[in-house]
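[1] Next input, structure requested:
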Amino acid sequence: MFDIERWQEILETIRKNKLRTFLTGLSVASGIFILVILLGFGQGIQNGISKEFEQDAANRISVYTGVTSVEYKGLNPGRFIEMTNEDYNYLIKKYQDNLEFKSSVYRIWSGLTTYKNESGSYRIEGVYPDYQFLENASLTNGRFIDYTDQDNYEKVVSIGRKVSQDLFKDEDPIGKYIQISGINFKVVGVYTDPAGEREEARIFLPLSTSQRVFNAGNKVRNLGFTLKPQGSFQEALAQSIQFSSEIQSFLKERHLVAPEDTSAINVNNSLENAKRFYDLIAIIKAFFWTVGICTIIAGVVGVSNIMLIIVKERTREIGIRKALGAQPWSIIWMVLHESIFVTAIAGFTGLILSMALLEVIGPNIEMDYIINPSVNFNVAITTVFILIFAGALAGFFPAWRAASISPIEALREE
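    All right, here's what the predicted structure looks like:
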């Protein structure tokens, strides 16, 4: 039942002790404020890292080569290792039951491309049709290259959105011809990539065509694979680690690379990278929770100390109430109401200010690995209610002490 006299009494006590109540509430509000802001930035870090992994397939395994750094079987260090079609064909035949998407890549980093009076220099990549899924690319117009193009050495290309904007402006590029290093290619598709303009400034053509027109023979620059989904992340991770290790061992043996050489054959495993990053995120979030909770605990301790002071100041009043027949629980509720009121007002104030700040600045923050810091409202509101409960608990012990004082002892209190 709403007791207006009780609330008048609480407000009168707060009015008489404005500074003390303000400082107590400030410690509680700042605790919630700091916790919510930290949780928001923890989510922002997770958003940023997740965005990085959206650029390619989440479980992609990429293989690329470098220069040997160790002498092996009479061969001097400094050899550049070049993979071939045979390497790729052997791997997809051996692991065909485990592979989901696969492609080898022949890359030209800067190929002069022209259409009418427009020109630009773009990355040219000869790939298999599966490469669309390895890159997590989506078609906005036309189609990607297919296996018929690959088998027939077709001079067709799928271009990135930026290439389309640069060369064709508002013109539909499908069916038009562009020149790459003086050779005509027909545009059959336009794609977009979640990684943005840098990845959309590329031109894809059939691997067989790229090797033929650019005199690459049977050489490839990279290999890309994804494995079929597993029942759990741990199973997928274990499978990808084993697959990566076997690929590396095979290529080192085939190209006469020392087993301990770490620069000649390189395998990048997205799942391993994801696990490292998400483990780091978990540590960061745990740290943020610890800091925030410790700040809140400091505020709750402050509430408890203030309640002890209030009980001390009102000892004679409590004695008079008890002498007039007040029950112990009415004394307890008298103190608890003030404790809960101060904690609740301060907690919701800190929550509203922190959520408002994140709402205003969050969407505008796009730093490396930090995107749109935000916090789940249910988590935030639950934290406030836990804080209110903690505030009630903080006020209970002083209240119990007040209710335990005998009226005679209370009346003798100076």
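
[2] I figured Val379 was touching Gln43, is that so?
    No: contact criterion Cβ atoms under 8 Å: Val379 and Gln43 do not qualify, at 9.7 Å. Quick note: C-beta positions are derived from backbone N, CA and C, even for glycine.

[3] Looking at those two, which one has more neighbours?
    Gln43 (23 against 12; other Cβ atoms under 10 Å).

[4] ok, now which ones touch the nearest residue to that one once chain neighbours are set aside?
    Leaving out its chain neighbours, the residue that sits closest to Gln43 by Cβ to Cβ, 6 or more residues apart in numbering is Ser374, at 5.5 Å. Contacts for Ser374 (Cβ atoms under 8 Å, 6 or more residues apart in numbering) come out as Gly40, Gln43, Gly44, Asn47, Leu358, Gly362.

[5] in the protein, which spans are helices?
    In the chain, the helices defined using DSSP state H lie at 4-16, 18-54, 85-94, 131-134, 147-151, 161-168, 197-200, 207-213, 233-254, 270-313, 315-323, 328-361, 377-404, 407-412.

[6] now for these, which one comes closest to Lys116?
    helix 161-168 (8.2 Å; Cβ to Cβ).

[7] now that closest one: mean pLDDT?
    For helix 161-168, the mean per-residue pLDDT is 95.

[8] Tell me which other helices or strands it touches.
    When contacts are defined as 3 or more Cβ pairs under 8 Å, 6 or more residues apart in numbering; DSSP states H and E, helix 161-168 packs onto strand 99-115, strand 118-127, strand 183-192, helix 197-200.

[9] Can you give me the buried ones in the last one?
    Using 16 or more other Cβ atoms under 10 Å as the test for burial, helix 197-200 gives Glu199, Glu200.

[10] Which strands and helices lie in contact with it?
    So helix 197-200, by 3+ Cβ pairs under 8 Å, 6+ apart, packs with helix 161-168.

[11] just how off-centre is the helix it packs on within its chain?
    In terms of Cα atoms, centre = their mean, to the nearest Å, the centre of helix 161-168 is found 31 Å from the chain centre.

[12] ok, residues contacting it?
    With Cβ under 8 Å, 6+ apart, helix 161-168 has contacts from 113-115, 118-120, 122, 140-141, 159, 173, 176, 178, 190-193, 197, 200-203.

[13] circling back: could you redo the contacts of Ser374 as a markdown table and give each row pLDDT?
    Listed next are these as a markdown table, based on pLDDT from 0 to 100:
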| residue | pLDDT |
| --- | --- |
| Gly40 | 84 |
| Gln43 | 81 |
| Gly44 | 81 |
| Asn47 | 76 |
| Leu358 | 84 |
| Gly362 | 77 |
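
[14] Which residue ranges make up each domain of this structure?
    Per the record, the chain has its domains at 4-52+276-412, 60-266, by automatic domain parsing.

[15] Phe385 and Lys73, how far apart?
    Distance, Phe385 to Lys73, using Cβ to Cβ, to the nearest Å: 69 Å.

[16] Looking at these two, which is more packed in?
    Phe385 (11 against 7).

[17] State the pLDDT value of that one.
    Phe385 is assigned 82 on the pLDDT scale.

[18] for Pro398, same thing?
    pLDDT recorded at Pro398 is 69.

[19] Compute the first-to-last residue distance for stretch 75-94.
    Using Cα to Cα, to the nearest Å, one end of stretch 75-94 lies 29 Å from the other.

[20] Pull the contacting residues for the residue nearest to His255 when sequence neighbours are not counted.
    Counting by Cβ to Cβ, 6+ apart, the nearest residue to His255 once its immediate chain neighbours are dropped is Ile81, at 5.0 Å. By Cβ under 8 Å, 6+ apart, the contact set of Ile81 is Thr65, Gly66, Val67, Thr68, Leu251, His255, Val257, Ala264, Ile265.

[21] The last one reaches Ala258, doesn't it?
    So the one you mean is Ile265. No: counting by Cβ under 8 Å, Ile265 does not reach Ala258; the two are 10.3 Å apart.

[22] what touches both of the two?
    By the contact definition Cβ under 8 Å, 6+ apart, Ile265 and Ala258 are jointly contacted by Lys252.

[23] What residues of stretch 108-127 count as buried?
    So stretch 108-127, judged by 16+ other Cβ under 10 Å, has buried residues Ile108, Gly111, Thr113, Tyr115, Gly120, Tyr122, Arg123, Ile124, Glu125, Gly126, Val127.

[24] Output it in CSV with nothing but the alpha carbons.
    Written as CSV, here are the backbone C-alpha positions of stretch 108-127 (Å, rounded to 0.1, in the frame of the first residue of the first chain):
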residue,chain,number,x,y,z
ILE,A,108,47.7,-9.8,-61.7
TRP,A,109,47.9,-7.0,-59.2
SER,A,110,47.5,-4.2,-61.7
GLY,A,111,45.9,-4.6,-65.1
LEU,A,112,45.1,-1.6,-67.3
THR,A,113,41.4,-1.8,-68.2
THR,A,114,39.6,0.4,-70.6
TYR,A,115,36.1,1.0,-71.9
LYS,A,116,35.6,3.6,-74.6
ASN,A,117,37.2,6.8,-73.1
GLU,A,118,37.4,5.5,-69.5
SER,A,119,40.3,3.5,-68.0
GLY,A,120,41.6,2.3,-64.7
SER,A,121,44.1,-0.1,-63.2
TYR,A,122,42.5,-3.0,-61.3
ARG,A,123,43.4,-6.3,-59.8
ILE,A,124,42.8,-9.1,-62.3
GLU,A,125,42.1,-12.6,-60.9
GLY,A,126,41.6,-15.8,-62.8
VAL,A,127,39.4,-18.1,-60.6
